[in-house]
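Trainee: next comes the sequence, and after it the predicted model I'd like to discuss.
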Amino acid sequence: MIVPALDNAVKSLLMRAGVENPAGDTKEILCAVLECDRAQLLLREEEIPDPLCEKAIAMAHRRAGGEPIQYILGSWSFMGRDYKVGEGVLIPRDDTEVVVTQALKLCERTPDPVIVDLCAGSGIIAVTLAKELPNATVYAVEKSDSAFSYLTENIALNHAKVNAIHADLQDCVSEFSDGSLDMIVSNPPYIRSAEIADLQQEVQYEPRLALDGGKDGYDFYKMILTLWTPKLKNGGSIAFEIGEGQFDAIAEMLKNVGYTDISGTPDIQNITRTITAKKGSLS
């Protein structure tokens, strides 16, 4: 089978299954199977060996069954770097670029920032900050065994200087001294427990631990602000990824524990996706 025929076979299978982006997912599958990029794919004219065709069709069946394309491929790109992903870890999403970009801006005037990424997952936030801020000391805290495995693999894959901590964020807080951090950043679970069953099929494959923010969706924000605020320097910053419609409630939580300069930043869909703030005022 030549590339156009294989492309049509995979795409038709995905279209019949109602996959949202059949053409894009088809290209991802073929590039992975043939170990080439999209430009090279267009130039492939030779007959594709049967085992590779079978592999592509098998991947397409998995995608048609609702499995996320990122899990099927085993890796995904975030802000120009590749990360290993799979069952048991949250999939990197473009939404998270907003919190990373804001965190980088907040660290611009801090020569050697000390940063902790809580609920670090695959490590996309911690690794990006460590690579973009070479003088930073970056810690990444992750509880899940599966996610921690991906975290350490991605730190090594990207040659990043990140200190990975395998622990619940409630248990390892005592390892940090009060006033020792310049920044706390987190993309915590923020979906209401009752809403998880209604999420799209692909999201159902992702670990509930990384999605479930409790009854009101705010459990982790409350926990972080209560336990970790003392670890932040006066004038230090906090940056959270947040869900749609959560800004006002989280802003109120921040005000109540002494944060100032509270602001939100929208994503490309104009949904406020990040909230940032400073602890008190510089002394």
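Mentor: Now that the structure is in, tell me what you want to look at.
Trainee: where does this protein have low pLDDT?
Mentor: Screening the chain residue by residue with the criterion pLDDT under 70, one finds the ranges 281-283.
Trainee: pick out the residue nearest the middle of it.
Mentor: The structure's the chain has its C-alpha centroid closest to residue 92; by C-alpha atoms, centre = their mean the separation is 3.8 Å.
Trainee: tell me who's in contact with the closest residue to it other than its chain neighbours.
Mentor: Across the structure, with C-beta to C-beta, 6 or more residues apart in numbering as the measure, the residue nearest residue 92 apart from its sequence neighbours is residue 78 (4.1 Å). C-beta coordinates here come from the backbone N, C-alpha and C atoms, glycine included. With contacts defined as C-beta atoms under 8 Å, 6 or more residues apart in numbering, residue 78 is in contact with 92, 96-97, 124, 128.
Trainee: residue 218: which of those residues is nearest?
Mentor: Ranked by distance to residue 218 (C-beta to C-beta), the contacts of residue 78 are led by residue 96 at 18.8 Å.
Trainee: phi first, then psi, for the residue nearest to residue 92.
Mentor: Backbone torsions of residue 78, given as degrees, to the nearest 10, read phi -140, psi 120.
Trainee: beta partners of it?
Mentor: Bridge pairing for residue 78 (DSSP bridges) gives the partners residue 81.
Trainee: can you tell me how far the closest residue to residue 191 other than its chain neighbours is from residue 84?
Mentor: Leaving aside its chain neighbours, residue 191 sits nearest to residue 211 (4.9 Å; criterion: C-beta to C-beta, 6+ apart). The spacing between residue 211 and residue 84, counted by C-beta to C-beta, to the nearest Å, is 20 Å.
Trainee: any idea how many residues pack against the residue nearest to residue 191?
Mentor: Burial of residue 211 is recorded as 19 neighbouring residues (other C-beta atoms under 10 Å).
Trainee: wait, doesn't it sit right on residue 203?
Mentor: Yes. Taking contacts as C-beta atoms under 8 Å, residue 211 lies within contact range of residue 203: 7.2 Å.
Trainee: mind listing residues that contact the strand of greatest length in the chain?
Mentor: Under DSSP state E, the strand in the chain containing the largest number of residues is strand 232-241. Defining contact as C-beta under 8 Å, 6+ apart, one finds that strand 232-241 is touched by 95-96, 98-99, 102-103, 106-107, 179-188, 190, 221, 224, 250, 254, 259, 273-283.
Trainee: same thing with stretch 213-230?
Mentor: Contacts to stretch 213-230, defined as C-beta under 8 Å, 6+ apart, come from residues 116, 118-119, 169-170, 173, 178-179, 181, 184, 186, 188-194, 240, 242-243, 246, 249-250, 253-254, 257-258, 279.
Trainee: out of those residues, which are buried?
Mentor: Applying 16 or more other C-beta atoms under 10 Å to the contacts of stretch 213-230, the neighbour count classes 116, 118-119, 169, 173, 181, 184, 186, 188-193, 240, 242-243, 246, 250, 253-254, 279 as buried.
Trainee: picking up where we left off before, most neighbours of all the contacts of residue 78, which one?
Mentor: For those, counting by other C-beta under 10 Å, the largest number of neighbours falls to residue 124: 28 neighbours.
Trainee: residue contacts, that one?
Mentor: Applying C-beta under 8 Å, 6+ apart, the residues contacting residue 124 are 78-79, 83, 92, 96, 100, 154.
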